[in-house]
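Student: return a 3D structure for these sequence lines:
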Amino acid sequence: ETPAAGRPPKARRCLHTTIAPGPRTARKLHLRPVLARQPHSERTRMNITPQEIVETLAMVSEQNLDLRTITMGISLNSCADEDLDRMCQKVYDRITRQADHLVSVAEDLEREYGIPIANKRVSVTPIAQIAACTSAQDLTPLARTLDRAAETLGIDFLGGFSALVHKGLGDADRRLIASIPEALATTSRVCSSVNVASTRAGINMDAVLLMAETVLEAARRTTDIQCYGAAKLVVFANMVEDSPFMAGAVHGSGEADAVINVGVSGPGVMAAALAELPDSANLMDVAEKIKQTAFKITRAGELMSREASRRLGVEKGIVDLSLAPTPAAGDSVAKILELIGVGECGGPGTTCALALLNDAVKKGGVMASSSVGGLSGAFIPVSEDAGMIRAAQDGALSLEKLEAMTSVCSVGLDMIAIPGDSSVETIAGIIADEMAIGVINTKTTAVRVIPAIGYNEGDVLEFGGLFGSAPIMPVNQFAGTVLAHRGGRFPAPLNSLKN
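Tutor: Here you go, the predicted structure:
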């Protein structure tokens with residue numbers, strides 16, 4: 001607040017970046033005054049008024065506001081070793097020492113600030129990078145080591161059983177990709193990702209075919225658990241180094257030894273805000289409401305990010321602005337699109353509404369954080385969004401429409417169950433199409449499809465939890481047998497020449 005002219009500002013308690021009017025409010029919110037330990041620059045940054053505190057409480061209690069994840073990124077570069085067993089031990093020790101207090105600190109922050117943190121996660125250096133030091137053909141022991149470390153820490157997921165092959169496949173990359181199906185079948189918390197394309201390099205079509213085969217094999221090896229292995233595997237174009245979201249989180253080579261990245265949520269909050277607008281409101285009014293709401297949501301993430309990094313003694317990374325839906329009622333990106341004015345998600349106008357949402361979220365959120373990164377926009381994972389599940393079952397939402405939507409949203413084709421008899425060429429074509437959208441438009445895109453082995457179109461895979469349930473969607477089977485097997489590299493587009 002600005003003091004009246006000629007009057008010095010009154011000293012007030014500062015709840016890190018939150019202002020509370022007095023100890024009573026602090027007790028009510030379970031917050032701890034931290035004025036004494038904060039430098040002046042921290043105390044004066046991002047002050048939040050009592051009215052905004054009340055709004056935040058409503059967001060938590062009535063509109064499903066949470067922090068979707070607090071993710072610690074950890075460098076494993078120091079763990080490389082030619083002896084696989086020795087490297088596994090180094091990896092386990094490094095992760096468990098660095099992230100020893102991650103869960104306890106996150107739980108303390110939940111209690112003190114009153115905002116739930118849905119997931120506590122870790123991302124690590126892409127394993128293919130350190131696996132280059134060993135000649136071991138089977139890298140599954142490294143995945144099991146990651147899983148054991150995740151279990152010891154009590155975290156939900158650990159990402160980084162990954163490789164970056166957008167310009168070529170190295171020996172370690174091939175060994176890691178060959179190990180992915182067994183790694184995902186024999187671990188419960190490990191996630192895998194492979195980057196096969198970038199705007200600067202084009203698309204590695206050999207890697208596209210290889211990943212299509214890998215997705216199918218990951219599903220085959222987990223048919224006893226609804227082909228769940230494929231749900232933990234994602235194929236990227238223009239993969240980011242700092243995403244806190246699974247299954248694509250890795251700790252990039254340009255990062256510090258350890259960082260804290262936070263992913264905010266808030267589709268329910270956004271839907272509640274848009275529901276206040278009359279049908280007569282124009283799109284400028286809609287965009288402004290989205291920006292205002294995204295700003296409030298992101299402020300909560302920024303606050304928790306700063307405090308978590310301070311308590312854990314690691315660098316503060318980024319806040320990812322992404323609206324990430326859950327199967328909970330009302331916590332749906334599809335619902336937001338329908339509130340903007342689309343009859344049902346997937347109908348004509350859906351791509352326009354999603355583009356407006358994604359752009360306004362970025363504009364509003366970027367002003368609320370000192371460092372925005374990751375994917376930052378709107379997610380459209382079918383199985384994790386109750387509105388999209390309904391739209392798919394109603395026939396309003398098709399795979400082709402989802403592909404069009406990915407050209408304007410944060411990621412790509414996400415958590416989509418497809419018939420188990422889909423050919424490897426069909427899956428390779430789906431991946432190639434999505435990679436092309438990312439490469440040409442200089443954006444991150446991804447594919448996470450689950451071939452439902454033993455199931456038919458119209459059946460539903462039940463994953464439970466945040467992964468929800470996935471109706472098996474029809475797929476165009478006219479991919480042919482030539483394109484996927486041509487191999488080589490789709491050349492980098494002309495717009496990649498930025499220098």
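Student: so what's the residue count around residue 111?
Tutor: 10 (other CB atoms under 10 Å). (Glycine included, C-beta is placed from N, CA and C.)
Student: what's the answer for residue 141, then?
Tutor: Neighbours of residue 141 (other CB under 10 Å): 16.
Student: tell me which other helices or strands the strand or helix carrying it touches.
Tutor: When elements are assigned from DSSP states H and E, residue 141 belongs to helix 140-153. Counting contacts by 3 or more CB pairs under 8 Å, 6 or more residues apart in numbering; DSSP states H and E, helix 140-153 is packed against helix 84-98, strand 120-124, helix 127-131, strand 157-164, helix 171-185, strand 190-198.
Student: in stretch 246-264, what's buried?
Tutor: Taking 16 or more other CB atoms under 10 Å as the basis for neighbour counts, the residues of stretch 246-264 that come out buried are 246-252, 255, 258-264.
Student: and which of the residues you listed is nearest residue 103?
Tutor: Nearest to residue 103 out of those is residue 260 (CB to CB; 13.0 Å).
Student: ok, residues contacting the helix holding residue 141?
Tutor: Residues from elsewhere that reach helix 140-153, judged by CB atoms under 8 Å, 6 or more residues apart in numbering: 84-85, 87-89, 91-92, 95-96, 99-100, 102-103, 120, 122, 124, 127, 131, 157-158, 160-161, 179, 182-184, 186-190.
Student: mind doing that once more with 6 Å?
Tutor: Helix 140-153 is contacted from outside by 88, 91-92, 95-96, 99, 127, 158, 161, 179, 182-183, 187, 189-190, using CB atoms under 6 Å, 6 or more residues apart in numbering.
Student: how far does that helix sit from its chain's centre?
Tutor: Averaged C-alpha coordinates place helix 140-153 at 21 Å from its chain's average position (CA atoms, centre = their mean, to the nearest Å).
Student: that helix vs helix 171-185, what angle?
Tutor: Helix 140-153 runs at 50 degrees relative to helix 171-185, counting by axes from the mean of the first three to the mean of the last three CA atoms, to 10 degrees.
Student: sorry, back to before: now, among the buried residues of stretch 246-264, which is nearest to residue 223?
Tutor: Here the nearest of the buried residues of stretch 246-264 to residue 223, counting by CB to CB, is residue 247; it sits at 19.1 Å.
Student: reformat the helices and strands packed on helix 140-153 as CSV; add mean neighbour count, distance to residue 149 and mean pLDDT.
Tutor: Converted to CSV, these look like this (neighbours: other CB atoms under 10 Å; distance: least, CB to CB, whole Å; pLDDT from 0 to 100):
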stretch, mean neighbour count, distance to residue 149, mean pLDDT
helix 84-98, 18, 4, 97
strand 120-124, 27, 8, 96
helix 127-131, 24, 12, 96
strand 157-164, 28, 7, 97
helix 171-185, 22, 14, 97
strand 190-198, 28, 10, 97
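Student: which one, of these, ends up nearest to residue 274?
Tutor: Residue 274 lies closest, by CB to CB, to one member of the helices and strands packed on helix 140-153: strand 120-124, at 29.4 Å.
Student: quick one on the thing from earlier: would a markdown table of the helices and strands packed on helix 140-153 with distance to residue 400 be doable?
Tutor: As requested, the helices and strands packed on helix 140-153 are arranged in a markdown table below (distance: least, CB to CB, whole Å):
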| stretch | distance to residue 400 |
| --- | --- |
| helix 84-98 | 41 |
| strand 120-124 | 32 |
| helix 127-131 | 33 |
| strand 157-164 | 29 |
| helix 171-185 | 28 |
| strand 190-198 | 20 |
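Student: among those, single out whichever gets nearest to residue 300.
Tutor: Nearest to residue 300, of those and by CB to CB, is strand 120-124 at 16.7 Å.
Student: and that closest one, what other elements does it pack with?
Tutor: The elements that strand 120-124 packs onto, with contact taken as 3 or more CB pairs under 6 Å, 6 or more residues apart in numbering; DSSP states H and E, are strand 67-74, helix 102-113, strand 157-164.
Student: the residue most central in space within the chain in helix, strand or coil?
Tutor: The centre of the chain sits closest to residue 245, judged by CA atoms, centre = their mean, with a distance of 2.6 Å. Reducing the assignment to helix, strand or coil with DSSP: H, G, I helix; E, B strand; the rest coil, the entry for residue 245 is coil.
Student: neighbours around residue 494, how many?
Tutor: Neighbours of residue 494 under the rule other CB under 10 Å: 7.
Student: separation between it and residue 203?
Tutor: Here the criterion is CB to CB, to the nearest Å. By it, residue 494 lies 15 Å from residue 203.
Student: among the buried residues of stretch 246-264, which ones are in strands?
Tutor: Cross-referencing these against strands under DSSP state E gives 258-264.
Student: where does pLDDT dip in the stretch 301-450 of the chain?
Tutor: Applying pLDDT under 70 to the stretch 301-450 of the chain flags residues 329.
Student: what about the strands in it?
Tutor: Using DSSP state E, counting those that start in this stretch, the strands of the stretch 301-450 of the chain run over residues 315-320, 413-419, 445-452.
Student: got JSON lines for these, with distance to residue 367 and mean neighbour count too?
Tutor: What follows is those, written out as JSON lines (distance: least, CB to CB, whole Å; neighbours: other CB atoms under 10 Å):
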{"stretch": "strand 315-320", "distance to residue 367": "12", "mean neighbour count": "25"}
{"stretch": "strand 413-419", "distance to residue 367": "27", "mean neighbour count": "25"}
{"stretch": "strand 445-452", "distance to residue 367": "26", "mean neighbour count": "28"}
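Student: need those in a markdown table with distance to residue 490, can you?
Tutor: As requested, the strands of the stretch 301-450 of the chain are arranged in a markdown table below (distance: least, CB to CB, whole Å):
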| stretch | distance to residue 490 |
| --- | --- |
| strand 315-320 | 28 |
| strand 413-419 | 18 |
| strand 445-452 | 14 |
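Student: of all the ones you listed, which one is nearest residue 228?
Tutor: Going through those one by one, with CB to CB as the measure, strand 445-452 comes closest at 7.9 Å.
Student: which element follows the closest one toward the C-terminus?
Tutor: The first helix or strand that comes after strand 445-452 along the chain, using DSSP H and E, is strand 460-462.
Student: which helices and strands does that following strand pack with?
Tutor: When contacts are defined as 3+ CB pairs under 6 Å, 6+ apart, strand 460-462 packs onto strand 469-471.
Student: and the residue nearest to residue 247 when sequence neighbours are not counted, bridged to which residues?
Tutor: Nearest in space to residue 247, with sequence neighbours left out and distances taken as CB to CB, 6 or more residues apart in numbering, is residue 191 at 3.7 Å. Beta-bridge partners of residue 191, counted by DSSP bridges, are residue 159.
Student: likewise for the one 4 residues further on?
Tutor: Beta-bridge partners of residue 195, counted by DSSP bridges, are residue 164, residue 236.
Student: pretty sure it contacts residue 237?
Tutor: No - taking contacts as CB atoms under 6 Å, residue 195 lies outside contact range of residue 237: 7.2 Å.
Student: what about residue 367, how many residues nearby?
Tutor: Residue 367 has 12 nearby residues by other CB under 10 Å.
Student: name the helix or strand for the nearest residue to it once chain neighbours are set aside, please.
Tutor: Nearest-residue entry for residue 367: residue 295, 6.1 Å, with adjacent residues in sequence omitted and distances by CB to CB, 6+ apart. Of the helices and strands defined by DSSP H and E, residue 295 is found in helix 283-312.
Student: could you give the angle of that helix to helix 102-113?
Tutor: On the basis of the same axes, to 10 degrees, helix 283-312 is oriented at 120 degrees to helix 102-113.
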